[in-house]
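1. Using only what follows, build the 3D model:
(4 chains)
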There are 2 protein chains.
Amino acid sequence: MLDNTDISILNELTKNSRITMKELGEKVHLTGQAASARVAKLEDSGVIEGYTIKVNQVKMGYFIQAFITIITQSTYHQPYLSFLKTQEPYIIHNNKISGDGCYLLECKFPSNEKLDEFLEDLNEHANYKLSIVINK
Amino acid sequence: MLDNTDISILNELTKNSRITMKELGEKVHLTGQAASARVAKLEDSGVIEGYTIKVNQVKMGYFIQAFITIITQSTYHQPYLSFLKTQEPYIIHNNKISGDGCYLLECKFPSNEKLDEFLEDLNEHANYKLSIVINK
DNA sequence: GGGTTTGACTTGATTAATGAAAGGAGTTGA
DNA sequence: TCAACTCCTTTCATTAATCAAGTCAAACCC
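-> Coordinates of the predicted model:
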């Protein structure tokens, strides 16, 4: 389904998704038009889900990143999930997982105070275990 | 440092980083040139770290995503870190964390067999706790 | 073998975006 | 009040993207 040229295209776009089709073509030994057609196919087939940017969260004022293992008290998760929707700026990903806990929540905070507030509010819907990210 | 226009620009680029500067300008009520200058500034200041794509990992053959909490046996982490470098296609992020364990490893695998192999090899350098991602 | 279809690429013409230069409006501070 | 600065717009030359043919090779069929 995907040949080596497709893989090269995905690698190049992963490194820089704003590259021109002409340049991309040069890197994978195609014309800009052919590269463009390949990319369109990758989009249509759903391999490329979208184009986005990497934002420096520290420069945006989010100094703390954390993983929070969630253990919901009741069997109804809805209160917790509804709560999450009210906390959008802090949430990166909410992963439903096997193993310890029901969810592994990846999130970011501007300060320990905000994190503390969040945990206080969270505690009304679920128990948790907190892991702060020191480095990636 | 960042005004509302900058925030709008970051939101638009997060949704679609291949938008033309002209279109981006229209969305934030600027000319293409002015939008382009803003974006250049965001790049120079390091707020925008890069442009990339979202790839559908399932369509790439990675059917399993997992979080693995790593507890290294010795105080020397180097053997574990070196091991990771040999397993690159499977690794998404290796987060050094506080709390349970030394690291929280985010990774992807094409099959349970490959995951099993990985865990066997991992076990020579560290203990672990496995969480499979069911949903995001 | 001859003919047709299909998929992937290139070429060439048209349309659109980009980048550079010049200039205007608003703000700041001496 | 004036100069310096920032941020934006306008204009124009350059460059890239797009669309429509056209080429080429492989696969298939009679």
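2. In space, what's closest to the residue lying farthest from the centre of chain A - neighbours in sequence excluded?
-> Computed with Cα atoms, centre = their mean, the residue of chain A farthest from its C-alpha average is residue A:31, at 32.6 Å. Excluding its sequence neighbours, the residue lying closest to residue A:31 (Cβ to Cβ, 6 or more residues apart in numbering or on different chains) is residue A:25, at 5.2 Å. Quick note: C-beta positions are derived from backbone N, CA and C, even for glycine.
3. Determine the number of other residues adjacent to that neighbour.
-> Residue A:25 is surrounded by 19 other residues when neighbours are defined as other Cβ atoms under 10 Å in any protein chain shown.
4. ok, now residue A:12?
-> 17.
5. Can you list the neighbours in contact with the strand or helix carrying it?
-> According to DSSP states H and E, residue A:12 maps onto helix A:4-15. Outside helix A:4-15, the residues that touch it by Cβ atoms under 8 Å, 6 or more residues apart in numbering or on different chains are A:2, A:19, A:24, A:27-30, A:35, A:38-39, A:42, A:47-48, A:51, B:50, B:52-53, B:55.
6. Need the pLDDT of the residue nearest to residue A:31.
-> At residue A:25 the predicted local distance difference test score is 95.
7. Then residue A:73?
-> For residue A:73, the model assigns a pLDDT of 78.
8. if we can go back for a sec, contact partners for the residue nearest to residue A:31?
-> If you count contacts by Cβ under 8 Å, 6+ apart, residue A:25 has them with A:31, A:32, A:33, A:34, A:35, A:36.
9. thinking again about what came up before, check whether the helix holding residue A:12 comes near DNA strand D.
-> No. Figure legend: helix A:4-15 not in contact with DNA strand D (Cβ under 7 Å from any atom of the strand); closest approach 12.1 Å.
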